[in-house]
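Engineer: Provide a 3D model corresponding to the input given below.
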Amino acid sequence: MRAVALALVCSALSWCAEVRGRVTDAVTGEGLSQAAVEVAGRRVVTDSAGEFGLGDVAAGSYTLVVSTVNYRVARQSFEHGAVDSVFTVALQPSTLRHDESVEVKAGVFAVEAQGAKSLAGSELKNLASVLSDDPLRAVQAMPGVTSNDDFKSQISLRGADYTRVGFYLDGLLLHAPFHAVQGDSTSGSLTMVQGDMLESLNLYAGAIPPQFSDRTGGAIETRLRDGARDRWHNAVSASMSNASWVSEGPIADVGSWIVAARKSYLQYLIGAIESDRNSSLAFGFNDFQGRGSINLSRRHTLLVSGFDGYSALDRTDAIPRSGFNALITANYHATVGSVALRSTAGDSFVITTRAAFMRERTLNRNKEESPLGASGYGEWIGTTDGSWGLRGSGLVEFGASVRRLRDDGYQYQYVFVPVVVRPLDAFRGTAVRPGAYGQASKTWWNGRVSAAAGGRWDSHSVTGVSAFSPYASAGVQLTGSTGLRVAWGQSVQYPELRVMRSLFGRDSLLPQRATTMQATLEQRIDERTRLRVEVYQRLDRDVIWRPLFEPRLVGSVLVNGRADAPYQNAQRGYGRGVEVFLQRRTANGLTGWIAYSYGRARMREFDADMDPRHGVQAYGSWRLRPTLNVSARYVFGSGLPVPGYFTGTRQDLFLTTVRNTFRMPDYQRMDFRVNKTFQRNRVRWTLFGEVLNIWNRENVRAEEFLGYDARTRRVRHSFGTMFPILPSAGFLLEF
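Structural biologist: Numbers count the residues shown, from 1 in each chain. Predicted structure coming up:
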């Protein structure tokens, strides 16, 4: 009725003018189709170019409201007169901060760091899953990643297991940022860092740039986002497994803050549907995260951030059927905090100095509440990172860090003839880990040729070993749509204190080393579509292993595993393969990718524990209407080896002479998701619906080696099935 009244007024008076404009993606500048635009009761939807027109509107004061699913709502008040009001509205993806300032990149792939694959915009949210909302679950759908366990967030990368893949948050290497039952291979895990707090995620699967230390298999770089500076915003969400709350707002006119809290009720859900309460998955968790940003002056910004997470397992209902060494209760508590000062000089020099600490505590108990194991880990960290932009498209990056590490813990076993406590392991130690890096990069001929070179130096106070790790890369634009990039680098990873100071370790263990080479050929099919082929090789040496720990056959002779087998730099090997990656990234229509990878990872005498072979990852998302988005993901992976000297079938497993010959069945899973939004004034509802494993495929995981019969050589090993077809739902309320 209001729209009809305005039309009648406009027909009678001459002071009417048109309201029109264009809606774009704030990151890429691409026009957004299927965006709803409202003014004074009139509502239109943008066309394929993102343009809209509301016709003639009478003079007056109005508010323009623009919204579409997977993007934040934009509101703009304006005075409308006798001249057309023309708008360009940039919508922020829902994973980015609320901000009125807009920085448009050169294209849809320009958000990626050099040499990395990124998750951008709604990709990070849709792939994280309604059930868990975990950013590392999103990474599992990326090329080169192997994760054949529905219950765990940890990944392997091109045959390197997760202990060799670094998770970096704002430049800090996190030690164990997972809700999990520590020391229990049958449990699940969930990343403590909430996806709603992240602004970006980059995956480095090839040669690792020198700013990332102490890992040899790859790097996952994440950045926390700043809070809103316009007004106070809140978001409350709930799913079948947890509930969360995110709140953010300005600090006067000088900064912003954002806090997030999350609590699980997965343990209650599993307890209600499982007759066997002995499930390792029935653990609960809660966590809290926050970040504050204050502009001390025009050139100095203070950043304060941190998170605290607590996980607990309670199997007390299983006490009557549990042995004395069975795990009944467990808890894990992790805290990370940091303070940073970011300073600029001119337009080209930025330096960030950070002080941080980490603390982790775990305690496992049996049915008598006697300790089965405990550990305490801590770090004090000081870092400085800087970048200096040079004339002529050059850049120098540099940094240094000092980490003071401490670690202590034990594992117990109770024996009753007589009653004694048998220490399975114990460790205690401290160390200082200094490091520094530098890198220079430059482009020529309008960006057609680029090169970078640098390296990092690392040392360890316990081993006394220092190492230099060089790095180099070069790229050339062969044609307007074809580019070639090659990279080569070395990296080192020092042994954990719990390994060196273990009953079975020694201080003289060498750091693990890797030399990685990668060549990438990229063909742009059009502005928003690309085909990328990557060929890689990683050479590993001084890999730490306990070669005498596992039982095996030597010829026809049974060799028992030694519980006191020492840690040694006993292995060297390789990971090599090829990946083909077809991706379309657009704000309109179908967006996503399909990738195929073939890889081999071997040690000298056997396939590596995470030997990947064949992998397929696919993701697709489509915004059908301003309020409706559908997406799907598919993952296939060749069955991984079951670590150990085993052969046969899951039902009839026996010891053998060659390690890692028995493999699990192939893994595959298809998930489907729908997001539906409802907007009323300043309140926005988003409903999420998801079906996991829509084909109801039975995927199996290897859980725990339980022993063997010395006479028959028959092995006892537990295996478990993972998600059946599983519907899930949740909602997000923003106000």
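Engineer: any idea how far the closest residue to residue 588 other than its chain neighbours lies from residue 50?
Structural biologist: On the basis of Cβ to Cβ, 6 or more residues apart in numbering, the spatially nearest residue to residue 588 that is not a chain neighbour turns out to be residue 33, at 4.5 Å. Any C-beta I mention is one placed from the backbone N, CA and C, and that applies to glycine too. With the distance defined as Cβ to Cβ, to the nearest Å, residue 33 ends up 6 Å from residue 50.
Engineer: which of those two has more neighbours?
Structural biologist: Set side by side, residue 33 and residue 50 show more neighbours around residue 50, with 23 against 20, by other Cβ atoms under 10 Å.
Engineer: pretty sure the more buried one sits against residue 34.
Structural biologist: No. Applying Cβ atoms under 8 Å as the test, residue 50 and residue 34 come out as separate, 9.4 Å apart.
Engineer: coming back round to it: check which helix or strand covers the residue nearest to residue 588.
Structural biologist: Counting by DSSP states H and E, residue 33 is held by no secondary-structure element, helix or strand.
Engineer: now for it: which residues touch it?
Structural biologist: Residues counted as contacts of residue 33 (Cβ atoms under 8 Å, 6 or more residues apart in numbering) are 46, 47, 48, 49, 50, 587, 588, 589.
Engineer: swap the cut-off to 10 Å and go again
Structural biologist: Under the criterion of Cβ atoms under 10 Å, 6 or more residues apart in numbering, the neighbours of residue 33 are 23, 45-51, 68, 586-589, 623, 626.
Engineer: mind checking pLDDT for residue 495?
Structural biologist: Residue 495 carries a pLDDT value of 96.
Engineer: the contacts of residue 33 in helices, which ones?
Structural biologist: Residues of the contacts of residue 33 located in helices (DSSP state H): none.
Engineer: need the buried ones from these selected in ChimeraX.
Structural biologist: Selecting the buried subset of the contacts of residue 33 in ChimeraX, with 16 or more other Cβ atoms under 10 Å as the burial test, is done by:
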select :23,46,50,68,586,587,588,623,626
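Engineer: which ones among the contacts of residue 33 lie within strands?
Structural biologist: 23, 45, 51, 623 (DSSP state E).
Engineer: tell me how far the residue nearest to residue 588 lies from residue 681.
Structural biologist: Counting by Cβ to Cβ, the gap from residue 33 to residue 681 is 25 Å.
Engineer: got it, and residue 434?
Structural biologist: Distance of residue 434 to residue 681, given as Cβ to Cβ: 55 Å.
Engineer: and these two? Which one has more around it.
Structural biologist: Set residue 434 next to residue 681 and count neighbours by other Cβ under 10 Å: residue 434 wins out with 16 against 7.
Engineer: all helices of this structure, in order?
Structural biologist: Counting by DSSP H, the helices of the chain are 2-12, 122-127, 135-139, 266-273, 497-500.
Engineer: pLDDT-wise, which helix or strand of this protein ranks last?
Structural biologist: Per-element confidence for the chain was summarised using mean pLDDT, DSSP states H and E. The lowest value among helices and strands belongs to helix 2-12, with a mean of 52.
Engineer: any residues in contact with both of residue 33 and residue 50?
Structural biologist: With contacts defined as Cβ under 10 Å, 6+ apart, the residues shared by residue 33 and residue 50 are 23, 587, 588.
Engineer: where does this structure have low pLDDT?
Structural biologist: Across the chain, the stretches falling below the confidence threshold (pLDDT under 70) are 1-15, 95-113, 183, 185-186, 266-282, 417-419.
Engineer: tell me which residue lies nearest the centroid of it.
Structural biologist: Taking Cα atoms, centre = their mean, the centroid of the chain lies closest to residue 136, which sits 3.3 Å from it.
Engineer: quick one, phi psi at the closest residue to that residue other than its chain neighbours?
Structural biologist: Spatially, and ignoring its direct neighbours in sequence, residue 136 is nearest to residue 153 (4.2 Å; Cβ to Cβ, 6+ apart). Backbone torsions of residue 153, given as degrees, to the nearest 10, read phi -80, psi -30.
Engineer: burial count for residue 153?
Structural biologist: By the other Cβ under 10 Å criterion, the neighbourhood of residue 153 contains 24 residues.
Engineer: for the closest residue to residue 561 other than its chain neighbours, give its distance to residue 645.
Structural biologist: Distance criterion Cβ to Cβ, 6+ apart; nearest residue to residue 561, sequence neighbours excluded, is residue 551 at 4.2 Å. Using Cβ to Cβ, residue 551 is found at 7 Å from residue 645.
Engineer: mutual contacts of those two, please.
Structural biologist: Shared between the contact lists of residue 551 and residue 645 (criterion: Cβ under 10 Å, 6+ apart) are residues 559, 561, 655, 708, 713, 715.
Engineer: and those residues, which two are furthest apart?
Structural biologist: When these are compared pair by pair using Cβ to Cβ, the farthest-apart members prove to be 559 and 715, with a separation of 14.2 Å.
Engineer: between the two, point out the one with more neighbours.
Structural biologist: Summary of the neighbour comparison: residue 559 and residue 715, criterion other Cβ under 10 Å, with residue 715 having more neighbours (23 against 15).
Engineer: check contacts around the more buried one.
Structural biologist: With contacts defined as Cβ under 10 Å, 6+ apart, the neighbours of residue 715 are 551, 642, 644-648, 652-656, 662, 705-709.
Engineer: burial count for residue 700?
Structural biologist: Residues lying near residue 700 (other Cβ under 10 Å) number 15.
Engineer: what residue spans form the domains of the protein?
Structural biologist: Each domain of the chain is listed here as a residue range: 2-91, 128-734, per automatic domain parsing.
Engineer: show me which residues of stretch 621-637 are buried.
Structural biologist: Burial within stretch 621-637, assessed by neighbour count using 16+ other Cβ under 10 Å, is assigned to 621, 623, 626-627, 629-637.
Engineer: which pair of those spans the longest distance?
Structural biologist: Distance extremes for the buried residues of stretch 621-637: the farthest pair is 626 and 637 at 36.5 Å, using Cβ to Cβ.
Engineer: burial count for residue 697?
Structural biologist: A count of neighbours around residue 697, defined by other Cβ under 10 Å, yields 16.
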